[in-house]
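Colleague: give me coordinates for this.
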Amino acid sequence: MATTGHSMYGLASYAAAGGMWRRMSRSLPPAAFLVPALLVGAAMLLPLVYLVLRGSGATAEAWGLLFRAQTLYTLGRTLLLMASVTLISGAIAVPLAWLTVRTDLPFRRVWGVVSVLPLVIPSFVGAFLYISVLGPRGLLQGVLQDVFGLERLPEIYGLPGATLTLALLSFPYMLLTIRASLSNLDPVTEESARGLGCGPLATLWRVTLPQLRPSIASGGLLVALYTLSDFGAVSLMRYQTFTWVIYQQYESAYDRSVAAVLSLGLVAMAAVVLVLVHVTQGRERYYQSNAAAARVPRRLRLGRWKWPALTFCGGVALFSLGLPMAMLAYWLVRGLGLGEPLQPLWEATRNSVVASGLAAFATAAFAIPIAVIIVRHRSRLSRALETASFTGYALPGVVIALALVYFGANYARPLYQTLWLLVFAYVVLFFPVALGAVSSRLQQISPRLEDAARGLGRRPWQVLGSITMPLLSPGILMGAALAFLITIKELPATLILGPLGFGTLATAVWSASSEAFFARAAAPAMMLVLISSIPMAFVLAASGRTRD
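Modeller: Residues are numbered from 1 along each chain as shown. Here you go, the predicted model:
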């Protein structure tokens with residue numbers, strides 16, 4: 001009995017010591033994580049520091065530009081485009097998510113994969129493809145002229161073309177968040193509503209959609225910020241927005257403070273969007289009140305609505321993926337027939353893969369210390385680092401590029417107009433993508449494993465190498481794949497920060513398509529889509545499918 005009591009006392013003491021160690025370890029981040037995390041956080045704040053410095057030195061005339069009628073007009077156009085794209089994306093994503101998760105739609109899994117694939121098509125690629133087929137003198141007009149004698153189609157340029165392009169290519173951002181939330185939603189409330197006499201549509205409207213409000217708002221935020229920062233589609237569609245005006249100001253004006261002041265206006269718009277999303281999500285609780293595992297929902301039979309549902313899914317897939325890819329293949333074949341040279345393609349491909357690969361590796365690596373502090377050491381410091389890490393994602397690439405041009409030319413001359421400054425811009429822009437993947441994975445790893453290793457005398461770097469990193473590797477790979485997928489499509493930062501003579505697939509497509517050389521743009525655009533499909537396939541495989 002004495003031995004047993006002594007053992008129990010020892011276990012209790014060890015548990016108390018272990019609990020005290022865990023509290024100390026979570027309140028005091030190890031220097032191996034804290035120092036690089038602070039450096040990364042400071043780097044993420046460089047764009048805001050630049051805007052404040054340039055804005056404070058701007059003249060009264062430059063600040064007056066923000067309140068001129070033309071600037072307010074551009075503001076209204078930007079807000080109109082952002083609202084239109086977000087609403088249309090939601091109108092596509094919500095029913096598509098519901099059909100592929102909660103119904104007996106034929107080929108659910110196929111539609112679930114196909115509906116996400118438009119993400120591999122950059123907005124500027126989609127814009128030139130839609131122009132080539134739906135433009136006033138596009139391929140569709142040629143067909144209709146032969147059949148009906150139609151000489152000209154209505155203009156696609158402006159708001160209609162920009163909205164169509166961005167909505168069809170960005171709705172998967174909302175679809176992914178809504179589908180993930182819908183897959184994990186406990187169906188008990190919906191079944192209760194149907195048991196009380198509510199039909200399927202009434203249940204969807206009154207019960208399901210209110211529970212999906214946070215995911216709809218989060219997906220809408222991604223679409224809104226994507227639209228706000230887009231440069232390629234709006235420039236090809238000739239629709240003037242804040243991002244396009246800032247780029248034009250940077251290219252044409254000697255005084256860069258004007259572009260900085262306009263960028264501050266863009267930052268304010270992004271902040272307003274974030275506040276609106278927070279208000280939309282509300283204060284209601286959306287988690288389960290009990291700890292029981294959610295049951296797998298019973299598939300709703302579509303019955304006679306099966307064919308309309310298939311028509312809807314097929315129409316979305318046709319216009320968002322089928323039509324662009326078919327036109328891309330057409331222009332590729334035509335370009336090869338006209339003798340378009342492929343030699344520059346390989347150099348642009350190599351440059352794109354190298355720059356995006358370096359950015360993906362750096363982004364995933366830098367995300368590790370930030371994720372460890374955010375997840376394992378919650379404090380005011382961790383919240384500040386988390387906020388700073390998302391700064392770049394809320395700013396367009398043109399603003400990040402302007403900030404790094406300023407710092408490179410004044411404080412880092414050896415890095416100015418080099419590949420490393422471009423890679424750094426990619427990291428600042430898309431760091432939250434990798435951070436989200438790494439943090440989500442780390443939250444699934446029990447801290448007791450790390451506490452036990454530290455209790456046995458392991459140093460923090462030994463715990464990181466033997467325990468944390470092997471378990472964290474799927475999240476790191478996911479973050480790297482997402483960063484590569486988005487980085488290879490980045491256009492304005494590449495145009496501004498790319499070294500002299502450093503062409504990528506994105507810049508090759510934009511330069512050719514902006515001059516309406518669609519056949520010349522087809523080969524780099526097809527290569528860009530094919531390369532983007534590789535990390536997209538990994539993301540789809542790693543993220544899993546909806547529940548059966």
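Colleague: ok, the nearest residue to residue 59 once chain neighbours are set aside - contacts?
Modeller: Of all residues not flanking residue 59 in the chain, residue 257 sits nearest, at 7.2 Å (CB to CB, 6 or more residues apart in numbering). Just so you know, the C-beta spots here come from the backbone N, C-alpha and C atoms, and that holds for glycine as well. By CB atoms under 8 Å, 6 or more residues apart in numbering, the contact list for residue 257 reads 54-55, 57-59, 62.
Colleague: would you map out the domains in this structure?
Modeller: Structurally, the chain divides into domains by automatic domain parsing as follows: 19-57+340-548, 64-288+300-339.
Colleague: tabulate the ones you listed in CSV, adding columns for mean pLDDT.
Modeller: Below are the domains of the chain laid out as CSV (pLDDT from 0 to 100):
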stretch, mean pLDDT
domain 19-57+340-548, 79
domain 64-288+300-339, 80
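Colleague: ok, the residue nearest to residue 59 to residue 368 distance?
Modeller: Residue 257 is 37 Å from residue 368, where distance means CB to CB, to the nearest Å.
Colleague: again with residue 359
Modeller: Here the criterion is CB to CB. By it, residue 359 lies 16 Å from residue 368.
Colleague: in stretch 154-167, what counts as buried?
Modeller: Neighbour-count burial for stretch 154-167, counted by 16 or more other CB atoms under 10 Å, picks out 156, 161-167.
Colleague: correction: the previous question concerned stretch 31-42.
Modeller: Judged by neighbour count (16+ other CB under 10 Å), stretch 31-42 contains these buried residues: 33-34, 36-38, 40-41.
Colleague: same check on stretch 309-327?
Modeller: Buried residues in stretch 309-327, defined by neighbour count with 16+ other CB under 10 Å: 309-310, 312-313, 316-317, 319-321, 323-325, 327.
Colleague: again with stretch 518-537
Modeller: Neighbour counts using 16+ other CB under 10 Å place 518-529, 531-532, 535-536 of stretch 518-537 among the buried residues.
Colleague: helices of the stretch 151-300 of the chain, residue ranges please.
Modeller: All helices of the stretch 151-300 of the chain, identified by DSSP state H, counting those that start in this stretch, fall at 159-183, 188-195, 200-203, 209-211, 213-229, 232-236, 242-252, 257-281.
Colleague: got JSON lines for the buried residues of stretch 31-42, with distance to residue 213 and secondary structure too?
Modeller: Output for the buried residues of stretch 31-42, formatted as JSON lines (distance: CB to CB, whole Å; DSSP: H, G, I helix; E, B strand; the rest coil):
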{"residue": "33", "distance to residue 213": "35", "secondary structure": "helix"}
{"residue": "34", "distance to residue 213": "37", "secondary structure": "helix"}
{"residue": "36", "distance to residue 213": "37", "secondary structure": "helix"}
{"residue": "37", "distance to residue 213": "33", "secondary structure": "helix"}
{"residue": "38", "distance to residue 213": "36", "secondary structure": "helix"}
{"residue": "40", "distance to residue 213": "33", "secondary structure": "helix"}
{"residue": "41", "distance to residue 213": "31", "secondary structure": "helix"}
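Colleague: which residues touch the residue nearest to residue 260 when sequence neighbours are not counted?
Modeller: Leaving aside its chain neighbours, residue 260 sits nearest to residue 54 (3.4 Å; criterion: CB to CB, 6+ apart). Contact analysis of residue 54 by CB under 8 Å, 6+ apart lists 256-257, 260-261, 406.
Colleague: ok, and the most crowded of these?
Modeller: residue 260 (26 neighbours; other CB atoms under 10 Å).
Colleague: from residue 245, how far off is that residue?
Modeller: Counting by CB to CB, the gap from residue 260 to residue 245 is 13 Å.
Colleague: who wins for proximity to residue 334 among the helices of the stretch 151-300 of the chain?
Modeller: Across these, residue 334 has its closest neighbour in helix 232-236 (19.0 Å, CB to CB).
Colleague: show me which positions of the closest one end up buried.
Modeller: Buried residues in helix 232-236, defined by neighbour count with 16+ other CB under 10 Å: 232-236.
Colleague: give the other helices and strands that it contacts.
Modeller: For helix 232-236, the contact count by 3 or more CB pairs under 8 Å, 6 or more residues apart in numbering; DSSP states H and E identifies helix 123-134, helix 159-183, helix 242-252 as packing neighbours.
Colleague: with distance to residue 301 added, can I get those in CSV?
Modeller: Shown next, in CSV, are those (distance: least, CB to CB, whole Å):
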stretch, distance to residue 301
helix 123-134, 36
helix 159-183, 18
helix 242-252, 46
